[in-house]
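J.: got a structure for you, letters missing:
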Ligand code: C5P
């Protein structure tokens, strides 16, 4: 939620401008206040009426009204905003911003803005790759402007390559991360999160897996990133969307073995680990090279224990703060406490399968957290995003 946040969106004359009403809606839906500024050429791509309707605010475009001579106060707009987003940013406006031109309202507002500025350049692939564009992007970065990389894909010219504006949701995520990072309490911390299921291959087409979706771990990664931490998410097969934050990187893995390798490579340099992955305890001892044919009435398969990634990390931790998850069906507290001790954890999050609305696939979860001092903190049934906030707050308070 961005309740009360003031978002100024500048739109320049590129075809991707047609997606900006969707971006405005995302902010409005999340309770932010939105105002839009158009360059003169942008209104050929998206109408002021559309933007005024979705933002519920008048749209600004001219430095002054030609009929009345009334002046639009660009300084006021720049001071009003908590963040100024310019998307799409054409090569032309980009070059003007790099040089400090001020021949329209959007540019004068940029020059007088005191808030963070986020831009999403979008243009044809050759323009995007041109040395002058690259130099202009560099200049903006030196001015502390946050620049989103253009995406690759089909372009308005019919060509295909890098130059597309990131999707509205990605721009929204990036803006949210910038707004939160100002108040982030974990700015210098590196956080490692495991999430999702693992798939253990039987043959080229089959696997042993589980119903984990990765929702809880992704919500945690997002929350840690919003607190300003440098987050690495090691994610098993999951179809969930991951927010596009510059301080959140994702490593995709399939099997427990791959997840283990990824954790081993990174654990030493981390400050905090939160392991929420539903790792398969066993894998087929051998993976058949070809698809296993059905023949006999029964099929016996030998399974081998997977490495316990959390236990390895607990055994190999120095100063790190390590959190594990426990999903229990009986004697929950005792089992979780035993896990906390034997895996050398600082805290364990217990979710009971006995509670309605908790566990795999649900958008809600009910947890208890137990720490090293055996203090048990119970939380109510909440949305996973709120559960993630509670876990992050807990970790921040419990850090040594
Ligand atoms: O022992 P159990 O599997 O119940 O422990 C669950 C916790 O251990 C979770 O935090 C899970 O991510 C982690 N785990 C792991 N590697 C395994 C099994 C579990 O990291 N092989």
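T.: Done, it's in. All values reported here derive from a predicted model rather than from experimental measurement.

J.: Which pLDDT value belongs to the residue of the stretch 151-300 of the chain found nearest the ligand?
T.: Nearest to the ligand in the stretch 151-300 of the chain, going by CB to the nearest ligand atom, is residue 279, at a distance of 3.5 Å. In this view, the C-beta of every residue, glycine as well, is placed from N, C-alpha and C. pLDDT for residue 279: 97.

J.: How about residue 385?
T.: 88.

J.: Start the count at 26 instead of 1 going forward.
T.: With the count now opening at 26, the last piece we talked about shows up as residue 410.

J.: Just to be sure, it is in a helix?
T.: Yes. If the criterion is DSSP: H, G, I helix; E, B strand; the rest coil, then residue 410 is within a helix.

J.: Next up, phi/psi of the residue of the stretch 176-325 of the chain closest to the ligand, please.
T.: When quoted as degrees, to the nearest 10, the phi and psi of residue 304 stand at phi -80, psi 130.

J.: Am I right that it is in contact with residue 331?
T.: Yes. The pair residue 304 / residue 331 is scored as a contact, 6.3 Å apart, by CB atoms under 8 Å.

J.: Comparing these two, which shows the higher neighbour count?
T.: residue 304 (22 against 18; other CB atoms under 10 Å).

J.: Would you mark the buried spots in stretch 389-406?
T.: 389-396, 404 (16 or more other CB atoms under 10 Å).

J.: biggest separation within those, which pair?
T.: Farthest pair in the buried residues of stretch 389-406 (CB to CB) is 389 and 396. Separation: 23.4 Å.

J.: Is the residue nearest the centre of the chain in a helix, a strand, or coil?
T.: By CA atoms, centre = their mean, the chain has its centre lying nearest to residue 268, at 2.4 Å. Put simply, residue 268 is coil when judged by three-state DSSP.

J.: tell me the contacts of it?
T.: The neighbours of residue 268, taking CB atoms under 8 Å, 6 or more residues apart in numbering as the test, are 198, 201-202, 247, 250.

J.: in this structure, which ranges drop under the pLDDT threshold?
T.: For the chain, residues meeting the criterion pLDDT under 70 lie at 379, 384, 386.

J.: tell me which parts of it are close to the ligand?
T.: Residues of the chain found near the ligand, taking CB under 6 Å from any ligand atom as the criterion, are 219, 281, 300-302, 304, 331-335, 349-351, 364.

J.: and with 5 Å instead?
T.: With CB under 5 Å from any ligand atom as the criterion, the chain comes near the ligand at residues 300, 302, 304, 331, 333-335, 349-350.

J.: so residue 248 touches residue 417, yeah?
T.: Yes. Using CB under 8 Å, residue 248 is in contact with residue 417, at 4.6 Å.

J.: Flag every buried residue along the helix or strand containing residue 132.
T.: Here residue 132, judged by DSSP states H and E, is contained in helix 130-137. Within helix 130-137, the residues scored as buried using 16+ other CB under 10 Å are 130-135.

J.: cool, stretch 277-293 as well?
T.: Quick answer for stretch 277-293 (16+ other CB under 10 Å): 278-281, 283-288, 291-292.

J.: Between all of the residues you listed, which two are separated the most?
T.: Every pair of the buried residues of stretch 277-293 checked by CB to CB; the farthest is 279 and 292, at 19.7 Å.

J.: so residue 239 touches residue 263, yeah?
T.: Yes. Using CB under 8 Å, residue 239 is in contact with residue 263, at 3.3 Å.

J.: can you list residues touching both of those two?
T.: 220-222.

J.: can I get those in CSV with distance to residue 259, neighbour count and secondary structure?
T.: Listed next are those as CSV, based on distance: CB to CB, whole Å; neighbours: other CB atoms under 10 Å; DSSP: H, G, I helix; E, B strand; the rest coil:
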residue, distance to residue 259, neighbour count, secondary structure
220, 7, 29, strand
221, 9, 29, coil
222, 12, 24, strand
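
J.: In strands only, show me the buried residues of stretch 389-406.
T.: 389-390, 392-396 (DSSP state E).

J.: Next up, phi/psi of the residue nearest to the centre of the chain, please.
T.: Dihedral pair for residue 268: phi -60, psi 140, per degrees, to the nearest 10.

J.: before we move on, back to that, what's the closest of the shared contacts of residue 239 and residue 263 to residue 162?
T.: Distances from residue 162 to the shared contacts of residue 239 and residue 263, taken by CB to CB, are shortest for residue 220, at 32.9 Å.

J.: show me the contacts for that closest one.
T.: Neighbours of residue 220 in contact, by CB under 8 Å, 6+ apart: 237, 239, 241-243, 245-246, 258-261, 263, 301-302.

J.: ditto for residue 186
T.: 150, 153-154, 177, 180.

J.: I'd say residue 271 and residue 202 touch.
T.: Yes. Applying CB under 8 Å, one finds residue 271 in contact with residue 202, separated by 6.9 Å.

J.: what about these two, which has more around it?
T.: Ranked by neighbour count (other CB under 10 Å), residue 271 and residue 202 place residue 202 first, with 22 against 16.

J.: For the more buried one, pull up the helix or strand it's in.
T.: Per DSSP H and E, residue 202 falls inside helix 193-206.

J.: What residues sit buried inside that helix?
T.: Buried residues in helix 193-206, counted by 16+ other CB under 10 Å: 193, 195-206.

J.: Contacts for it next, please.
T.: In contact with helix 193-206 (CB under 8 Å, 6+ apart) are residues 27, 30, 32, 44-45, 47-48, 51-52, 55, 107-108, 110, 112, 141, 143, 145, 171, 173, 190-191, 212, 250-253, 266, 268-273.

J.: For PyMOL, write the select line for the buried members of these.
T.: Filtering these down to the buried ones (16+ other CB under 10 Å) takes a single PyMOL command:
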select buried, resi 27+30+32+44+45+48+51+52+107+108+110+112+141+143+145+171+173+190+191+250+251+252+253+268+269+270+271+272+273
